[in-house]
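Undergrad: task: produce atomic coordinates for the following.
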Amino acid sequence: MYSSYYTQSPYVPPQASQQCYQSTTSQFTAGLAPLPPPGLVIFPNYTAQRPESIIIKEKHKHITRQNFVVSYASTSHNFLELDEDSKGNMLFIDLQTRQEVMRIVKQGGGLLGGGDKVYKGVGLDGREKWTLQLKRHSFSGSGSEYLLTANIHGGQATPLQVQNRVSGAEKAILWNGRMVATMNKHQELQHLRRQDRVDVAPGMDILLALGVAWIRIVKQKKDERKAIDALAGM
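TA: Just a heads-up that it's a prediction; the model follows:
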């Protein structure tokens, strides 16, 4: 265990045996080595204490606004809710305390939604904790580039890399060349609603990984709608 290395997490998956936990996560987190202490700390109460596999499940709580629940794969116990507000911000709500722990504010995109979009992860103190810019490369055919910076340990903005198809993962976050989180669609053909799996290394900030994963979900869903609309217009 890594609790002596990192700030203590507020939620530990209950009633999960070590054998069950290892079988649930080992196949997905094998390439996620523990980060050197003190880890990549942005939201101190949400630093992974061990390799974690986390599931984001889409819900249809609202007619027009997005809603997701988040659980640890080892227990299926929901510990976060992601709820879009009337302004289009995504609120991350701790289900134990019912308190907001982070919100993502979207900026840019232009009047027609064609420009670069910027997503800002904001803490309870109103301060910007991380920023992700989706930089369009429409003419190169390479899609959008994820430009991620984070205020690690409350210091200066530090760049992190977000890359596609790393070590078998659909998308990964890297810090100084070290893979710290991966993202994949989860059992896509078994669910009517979308589910995504996020795997994080010990010492990685869980909220940052979930924030990037949510942005990926939003972008993929919009790209899918555009493709359907394009086919319908042919």
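
Undergrad: next one: Asp94 from Glu100, what distance?
TA: 8 Å (CB to CB, to the nearest Å). Any C-beta I mention is one placed from the backbone N, CA and C, and that applies to glycine too.

Undergrad: swap that for Leu134, sorry
TA: Counting by CB to CB, the gap from Leu134 to Glu100 is 24 Å.

Undergrad: which residue of these two possesses the greater neighbour count?
TA: Leu134 (21 against 16; other CB atoms under 10 Å).

Undergrad: could you give me the buried positions within the helix or strand that contains the more buried one?
TA: Taking DSSP states H and E as the definition, one finds Leu134 inside strand 128-137. Of the residues in strand 128-137, those scored as buried under the neighbour-count criterion (16 or more other CB atoms under 10 Å) are 129-134, 136.

Undergrad: got any ranges where this structure has weak pLDDT?
TA: 1-27, 109-114, 137-143, 188-191, 227-234 (pLDDT under 70).

Undergrad: report the longest helix in it, please.
TA: Counting by DSSP state H, the longest helix found in the chain is helix 206-232.

Undergrad: so what's the gap between that helix and the chain middle?
TA: Relative to the mean C-alpha coordinate of its chain, helix 206-232 is positioned 12 Å out (CA atoms, centre = their mean, to the nearest Å).

Undergrad: one more: stretch 40-60?
TA: In terms of CA atoms, centre = their mean, the centre of stretch 40-60 is set 8 Å apart from its chain centre.

Undergrad: got the CA coordinates for that stretch in PDB?
TA: Taking Å, rounded to 0.1, in the frame of the first residue of the first chain, the C-alpha atoms of stretch 40-60 are listed here in PDB:
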ATOM      1  CA  LEU A  40       0.900  14.400  -8.800                       C
ATOM      2  CA  VAL A  41      -1.200  16.200  -6.200                       C
ATOM      3  CA  ILE A  42      -3.800  18.800  -7.400                       C
ATOM      4  CA  PHE A  43      -6.800  18.000  -5.300                       C
ATOM      5  CA  PRO A  44      -5.100  16.600  -2.100                       C
ATOM      6  CA  ASN A  45      -8.100  14.500  -0.900                       C
ATOM      7  CA  TYR A  46      -8.300  12.700  -4.300                       C
ATOM      8  CA  THR A  47      -4.800  11.200  -4.700                       C
ATOM      9  CA  ALA A  48      -4.800   7.500  -5.600                       C
ATOM     10  CA  GLN A  49      -3.300   5.400  -2.800                       C
ATOM     11  CA  ARG A  50      -2.900   2.300  -5.000                       C
ATOM     12  CA  PRO A  51      -3.600   1.300  -8.600                       C
ATOM     13  CA  GLU A  52      -7.200   2.100  -9.300                       C
ATOM     14  CA  SER A  53      -9.700   1.100 -12.000                       C
ATOM     15  CA  ILE A  54     -12.600   3.500 -12.100                       C
ATOM     16  CA  ILE A  55     -15.800   3.300 -14.100                       C
ATOM     17  CA  ILE A  56     -17.700   6.300 -15.500                       C
ATOM     18  CA  LYS A  57     -21.400   5.400 -16.300                       C
ATOM     19  CA  GLU A  58     -23.700   7.600 -18.300                       C
ATOM     20  CA  LYS A  59     -27.100   8.200 -16.800                       C
ATOM     21  CA  HIS A  60     -30.200   9.800 -18.200                       C
END
